[in-house]
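Q: Sequence and computational prediction follow.
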2 protein chains.
Amino acid sequence: MHAEIDTPALLLDKPKLERNIKRMAEFAAGGQAQLRPHAKTHKCVEIAKLQLDAGAVGITCAKVGEAEALADGGIPDILIANEIVGPLKIARLVKLARRCRVTVAVDDADNVRQLSEAAVAAGVTLGCYVEVNVGMDRCGVEPGEPATQLARLVEAAQGLSFDGLQAYEGHLQNVMPFAEREARAKLDMRKALSASQHIEAGGLKVGQISGCGTGTHTITGRLPWMTELQCGSYATMDAQYAAVGGATYENALTVLATVISRPAPDKAIVDAGLKAITPEFGPPTVLVRGAEWVDFSEEHGVVTLAGPAQELRVGDKIALVPRHGCTTVNLYDHYHVIEDGAFAGTWKVAARGRCQ
Amino acid sequence: MHAEIDTPALLLDKPKLERNIKRMAEFAAGGQAQLRPHAKTHKCVEIAKLQLDAGAVGITCAKVGEAEALADGGIPDILIANEIVGPLKIARLVKLARRCRVTVAVDDADNVRQLSEAAVAAGVTLGCYVEVNVGMDRCGVEPGEPATQLARLVEAAQGLSFDGLQAYEGHLQNVMPFAEREARAKLDMRKALSASQHIEAGGLKVGQISGCGTGTHTITGRLPWMTELQCGSYATMDAQYAAVGGATYENALTVLATVISRPAPDKAIVDAGLKAITPEFGPPTVLVRGAEWVDFSEEHGVVTLAGPAQELRVGDKIALVPRHGCTTVNLYDHYHVIEDGAFAGTWKVAARGRCQ
């Protein structure tokens, strides 16, 4: 398999990617909300451009460094759906806002003042979404007075524009069964609606209510007041999202590995370990019938073999579907793009390692 | 803390690193075995050179790509303690052997033949260690006939030199209590001795018996027939090795993170998640009294705060000791070197991402 590709390598099936992008674009077009796909999974300018070409209004990311990499690639409109804190990062943020439209999440009054000062000094306007805690219990303020006060502070601040709410239901993406995910998502996302109503009752307009992930988009993406969808993993998919019900989207992402040892008839050791495929949601799926991943070590994977899989020999290459695409992609500098089964060049993982 | 360093950043305390390197060099000098430190943890030419300056005979690594990065930095003698399989990698291996001394592990007859052909064609000699399974049950052959036959095959192959045995007791590094680790290590490493005796009974000389890790070096590093120690983590250390009894070595490695949200008096959200600090052995240690890491998400860490730790504010920086240094270092392009508490420049993580 792919004799010209050395391993471990990150493979991206382009037709599957394109079909996934088309399907999510059609889903968004069938509702009232615009699509602003999250790039923290794919970290790739080429994929972001395919998403924009399919109708996305802009791109979402998590870090200033990711946004810089996307802007370097020509992406014109970027939401950083995260709090950007500290003078070094804020300086980069306002510099970035000179060359593309930038929106950022806020949940703290001092941070708002610092963003405002820096934006004024740089002569730019930063869009701001007030982050509302819809149950993830991470960043974000509570709906009601806290969210409304912060929205007013943003609106009053020079150099900032209050553009809406960041309201991501990340805690629900993997809830099973789906009916429970649906019930909880509808319940929890009322906090976003409530925050919006409280703010608007005070006379401010809430432009966007932005959130939603691949695991919840069929639920929260159809709430009539959601205006912006940040789904990201749908483009490449991974074994985790496939396991929790993402059958609509095809797995476009694999790690290609080589069998480097066959210590027993029922066991193969491959050259992909923790530095080539991440473990946090569980083992990768081995795309060989009868083969199962049983252990990670740092530089190796241990695979058990049954039936015809026992024909695997040292030097054979096998494909693995990572359980968690986002962190696995972050280990690689390039995608090896596969088209109609053949190697069709590389795409840069431009935001690889951009955790700042 | 470190106002000039943006976060997340990988910090390396140089005096602690230097003391660790000196201590392990002294340990090796006090016994019969030479030190060949593993670079899969630090992945850094500057650190490898400090180790060589302190008396190490060469460097160990796990991948051809790591070896290339070290050779680019001028490291003259490299053991790749792993099976190198497939025509693309073998071509790189023999090319590398033109510019530095290269030794590689083998456990398969076909692989030995392919290495031999490539070495002959390239006009180089590859050192080979036959890998013996001492109980890790990953790569390697069994002691006795299998190891001896492979050693003979290597010795007879043109372009290859049978230089000894790879015998790493990786399965024992974390065994607690220490007395059990000691008993098992002494027992399991008899397999390496047995393999060596069987080979030498057949008339071949076993140059090196190479293995040993930071967690076992005081045990197996004092076995009178061990000739080469591959300990690596001791240089930087991590919270895992500290937890299993590495008090001799100081923690030189931290991840610096920023508090980006304070959603509750007893909770802080920091800007380091799974892409900045790896989770596989457990949570990082927070170097703030009363603060405890309770959850990873992809871009965030959740820290609970008690007592004076509740004074932490948005924008404050905190230091984290990663539980697993090897995979955490692999997420970063640079170390920020700290000397006497102050930032003293960056060192490149030259082998970052070199999983091929």
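A: All right, it came through fine.

Q: contacts, neighbours, all on C-alpha from now
A: Will do.

Q: Check which helices and strands the longest strand seen in chain A sits against.
A: Taking DSSP state E as the assignment, the strand of chain A that covers the most residues is strand A:253-264. Here strand A:253-264 touches strand A:9-13, strand A:267-270, strand A:317-321, going by 3 or more CA pairs under 8 Å, 6 or more residues apart in numbering or on different chains; DSSP states H and E.

Q: Of all those, which one comes closest to residue B:239?
A: For the helices and strands packed on strand A:253-264, proximity to residue B:239 was assessed by CA to CA; strand A:267-270 is nearest, at 27.6 Å.

Q: what's the closest one packed up against?
A: Contact here means 3+ CA pairs under 8 Å, 6+ apart; on that basis strand A:267-270 packs against strand A:253-264, strand A:301-305.

Q: Write out the residues of the stretch 151-300 of chain A neighbouring chain B.
A: Contact residues, the stretch 151-300 of chain A versus chain B (CA under 8 Å from any CA of the partner chain): A:258-263, A:269, A:272, A:274-276, A:279-280, A:298-299.

Q: between those residues, which is closest to residue A:341?
A: residue A:258 (17.9 Å).

Q: In contact with the closest residue to that closest one other than its chain neighbours, which residues?
A: Distances taken as CA to CA, 6 or more residues apart in numbering or on different chains put residue A:317 closest to residue A:258, at 4.3 Å, once the chain neighbours are dropped. Contact partners of residue A:317, counting by CA atoms under 8 Å, 6 or more residues apart in numbering or on different chains, are A:1, A:256-259.

Q: So of these, which two are at opposite extremes in space?
A: A:1 and A:259 (12.0 Å).

Q: shared neighbours, these two?
A: Common neighbours of residue A:1 and residue A:259, using CA under 8 Å, 6+ apart, are A:316-318.

Q: Same list, these, but as JSON lines with pLDDT and distance to residue A:287 please.
A: Listed next are the shared contacts of residue A:1 and residue A:259 as JSON lines, based on pLDDT from 0 to 100; distance: CA to CA, whole Å:
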{"residue": "A:316", "pLDDT": "98", "distance to residue A:287": "13"}
{"residue": "A:317", "pLDDT": "98", "distance to residue A:287": "11"}
{"residue": "A:318", "pLDDT": "98", "distance to residue A:287": "7"}
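
Q: out of those, which one sits closest to residue A:86?
A: residue A:318 (44.8 Å).

Q: who does the closest one bridge with?
A: For residue A:318, the beta-bridge partners are residue A:257 (DSSP bridges).

Q: Burial check on it, number of neighbours?
A: Residue A:318: 21 surrounding residues under other CA atoms under 10 Å in any protein chain shown.

Q: Surely it touches residue A:284?
A: No: contact criterion CA atoms under 8 Å: residue A:318 and residue A:284 do not qualify, at 11.8 Å.

Q: now the strands: where do they sit in the stretch 51-200 of chain A?
A: Ranges of strands in the stretch 51-200 of chain A, per DSSP state E, counting those that start in this stretch, are A:59-61, A:77-83, A:101-106, A:126-131, A:160-166.

Q: returning to that earlier point: compare residue A:1 and residue A:259 (neighbour count), which wins?
A: Shown here are residue A:1 and residue A:259; by other CA under 10 Å, residue A:259 has more neighbours (25 against 12).

Q: Now do the contacts for the more buried one.
A: Counted by CA under 8 Å, 6+ apart, residue A:259 has contacts A:268-271, A:312-318, B:85.

Q: Try it again at 7 Å.
A: Shown in contact with residue A:259 (CA atoms under 7 Å, 6 or more residues apart in numbering or on different chains): A:268-271, A:313-317.
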